[in-house]
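Chemist: I would like the atomic coordinates for the input below:
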Amino acid sequence: MLSSKPWLFITLILSPLVLFGIYQSTQIDYLYTVNLIFIGALLGATLNYFQYGFSSSFRSLIMDKRTAGMRAIIWLLAVVIVLFAPLLALQGWNEQTFTGFIRPLSLAIPIGAFIFGIGMQIGCGCTSGTLNRVGQLQALSVSTLSFMVVGGTLAALTFGDWSTLPAIEPIAFQREFGWLFGLFIQLALLAGLYLFLKRFEQRHHTDYQVLFHAKKRISHPFLIAAISLAFLNASLLFISGTPWSISSIFPYWGTRFIDFFALPFDWTFWDYSMENTTRMNQGIFENTISLTTMGVILGAFLVSLLKPRVKVAITTKGLMGSIIGGTIMGFGAVMASGCNIGAFFSGIASGSLHGWVWFVFALLGNFIGVVIRRRLVQ
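Modeler: Alright, predicted model coming up:
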């Protein structure tokens, strides 16, 4: 347990908004760029400092029947949904538009999410977790991230093959039921899932892990991390106009690698590149996702200077898991229109049904991934 520190929340929540206010008043362009990196750094620092991750939460549920991490995710989603709702309802403010991640329900989403879920456990980390451990200078995670870029670039190359899978129009709770009732439905779903997870752990363990002691005013580190991540994602939506995302950076970095080494691939004519022309042609310091992703690594690294983590030894099996897991995670994330951040976290926060579909199939993939890791990797 960790004592609640109000100053931590105030710092995490207000500092990017204060810097944005300074940018708005001065119109100094580089302050906007710095702020995006800063938000990413706060996200990475939060993940590292509280040792919180999505893949570890899934794994604890599956292997140990412990649900503290998953229940913290429920809190994360509940808080961010409430924070996103008024911004998305307004659609814009002061010449800034607010756009959530609401995606068509393509067959590619459950397939990609399932593949990604398998990769989460084989590679022992999700996208945000991998970036966190890269910041900790974990060699295996550097390998995992590299092969995420490979997998994402392969997904972009084959975009024409899987992008034509059957799909229906996007479904968003607020569009179908109105803002208030749509918000209520999602919160009710989360409340029901929370109670299920609580009873699930209580059936298997007598020492049920609570997230908050009201009398002692003590919060579990996972709860503090979850609420911090929710507020930071909302800050990113308010400042940049879009929520936190990672997966589209894989083909972006992959194509930059192709250009840098003059490899014999003309990615500009790939269907994916032509469908995402604006994003793919942005400079590295113009691309919001690239900036926040670099920030996550930087923030995790800075925390590691204060709280060094034990380095994971490189083994042949671990390296194979890193290569295979990273590749299928990168491919699955691009195919599913997002990873545990863009599709799950920001997708559900945006009220999109595709985020819930992603969650179900990624969880199924995690079950398979745990079995494979036990037999082939560990």
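Chemist: only C-alpha atoms for contact and neighbour calcs from this point on.
Modeler: Fine.
Chemist: And Ala108, how far from Val334?
Modeler: Separation of Ala108 from Val334 (CA to CA, to the nearest Å): 10 Å.
Chemist: Between those two, which has more neighbouring residues?
Modeler: Taking other CA atoms under 10 Å, Ala108 and Val334 do not tie; Val334 has more neighbours (31 against 21).
Chemist: Ala155 is in contact with the more buried one, correct?
Modeler: Yes - the pair Val334 / Ala155 is scored as a contact, 6.3 Å apart, by CA atoms under 8 Å.
Chemist: Confirm Gln121 sits in a helix?
Modeler: Yes - if the criterion is DSSP: H, G, I helix; E, B strand; the rest coil, then Gln121 is within a helix.
Chemist: Nearest residue to it in space, please, no chain neighbours.
Modeler: Leaving aside its sequence neighbours, Gln121 sits nearest to Gly369 (CA to CA, 6 or more residues apart in numbering; 4.9 Å).
Chemist: Need the residues that contact the helix or strand that contains the one you found.
Modeler: Using DSSP states H and E, Gly369 sits in helix 353-372. Helix 353-372 is contacted from outside by 58-59, 62-63, 102-105, 109-111, 113-122, 170-173, 336, 343-348, using CA atoms under 8 Å, 6 or more residues apart in numbering.
Chemist: again, but for stretch 23-35
Modeler: Stretch 23-35 is contacted from outside by 16, 19-20, 285-286, 291, using CA under 8 Å, 6+ apart.
Chemist: Go again with 10 Å.
Modeler: 15-22, 37-38, 40-41, 236, 239-240, 285-288, 291-292, 295 (CA atoms under 10 Å, 6 or more residues apart in numbering).
Chemist: Tell me if I am right that Gly338 is in a strand.
Modeler: No - secondary structure of Gly338 (three-state DSSP): coil, not part of a strand.
Chemist: neighbours of it, just the number please.
Modeler: Neighbour count for Gly338, taken as other CA under 10 Å: 28.
Chemist: so what's it up against?
Modeler: Counting by CA under 10 Å, 6+ apart, Gly338 touches 101, 103, 109, 112-113, 116, 245-248, 330, 332, 344-347, 355, 358.
Chemist: Next, it: phi, psi?
Modeler: Gly338 has phi and psi values of phi 150, psi 160 when expressed as degrees, to the nearest 10.
Chemist: got it, and Ile102?
Modeler: Main-chain torsions, Ile102, degrees, to the nearest 10: phi -120, psi 110.
Chemist: Next, find the distance separating the closest residue to it other than its chain neighbours from Phe331.
Modeler: For Ile102, ignoring the flanking residues on the chain, the nearest one in space by CA to CA, 6+ apart is Ser352 at 5.0 Å. Ser352 sits 22 Å away from Phe331, going by CA to CA.
Chemist: Then Val150?
Modeler: Taking CA to CA, one finds Val150 at 8 Å from Phe331.
Chemist: who touches both of these two?
Modeler: Taking CA under 10 Å, 6+ apart as the contact rule, Val150 and Phe331 both touch 156, 250-251.
Chemist: Tell me which helix or strand in this structure has the weakest average pLDDT.
Modeler: Every helix and strand of the chain was ranked by mean pLDDT, DSSP states H and E. The lowest is strand 2-3, at a mean of 46.
Chemist: buried ones in the longest helix along the chain?
Modeler: In terms of residue count, the longest helix belonging to the chain (DSSP state H) is helix 179-204. Neighbour-count burial for helix 179-204 flags 179, 182-184, 186-187, 190-191, 194, 197-198, 200-202 (criterion: 16 or more other CA atoms under 10 Å).
Chemist: and stretch 345-362, average pLDDT?
Modeler: For stretch 345-362, mean pLDDT rounds to 98.
Chemist: Mind jotting down where the strands sit in the stretch 201-350 of the chain?
Modeler: 212-213, 218-219 (DSSP state E, counting those that start in this stretch).
Chemist: Quick one: name whatever helix or strand follows the helix or strand containing Ala45.
Modeler: Using DSSP H and E, Ala45 sits within helix 29-49. For helix 29-49, the following helix or strand on the C-terminal side (DSSP H and E) is helix 54-59.
Chemist: could you say what helices and strands that following helix packs with?
Modeler: For helix 54-59, the elements it packs on are helix 68-90, helix 108-122, helix 127-135, helix 353-372, judged by 3 or more CA pairs under 10 Å, 6 or more residues apart in numbering; DSSP states H and E.
Chemist: any idea how far it is from the chain center?
Modeler: Relative to its parent chain, helix 54-59 has a centroid offset of 12 Å by CA atoms, centre = their mean, to the nearest Å.
Chemist: and what of stretch 321-332?
Modeler: For stretch 321-332 - counting by CA atoms, centre = their mean - the centre lies 16 Å from the chain centre.
Chemist: How about stretch 87-102?
Modeler: From the chain centre to the centre of stretch 87-102 is a distance of 20 Å (CA atoms, centre = their mean).
Chemist: Quick check on the shared contacts of Val150 and Phe331: which are buried?
Modeler: Neighbour counting by 16+ other CA under 10 Å classes 156, 250-251 among the shared contacts of Val150 and Phe331 as buried.
Chemist: now those residues in TSV, with distance to Ser322 and pLDDT?
Modeler: Shown next, in TSV, are those (distance: CA to CA, whole Å; pLDDT from 0 to 100):
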residue	distance to Ser322	pLDDT
Ala156	21	97
Phe250	16	96
Pro251	18	96
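Chemist: For the residue positioned nearest the centre of the chain, give its distance to Phe173.
Modeler: Nearest to the centroid of the C-alpha atoms of the chain, with distances taken as CA atoms, centre = their mean, sits Ile341, at 1.9 Å. Going from Ile341 to Phe173 by CA to CA gives 19 Å.
Chemist: Ok, Gly321 next?
Modeler: In this structure, Gly321 and Phe173 are 38 Å apart, going by CA to CA.
Chemist: quick one, which of these two is more surrounded?
Modeler: Taking neighbours as other CA under 10 Å, Gly321 and Phe173 compare with Gly321 leading, 26 against 20.
Chemist: ok, now which ones touch that one?
Modeler: Counting by CA under 10 Å, 6+ apart, Gly321 touches 119-124, 140, 143-144, 315, 327, 372-373, 376-378.
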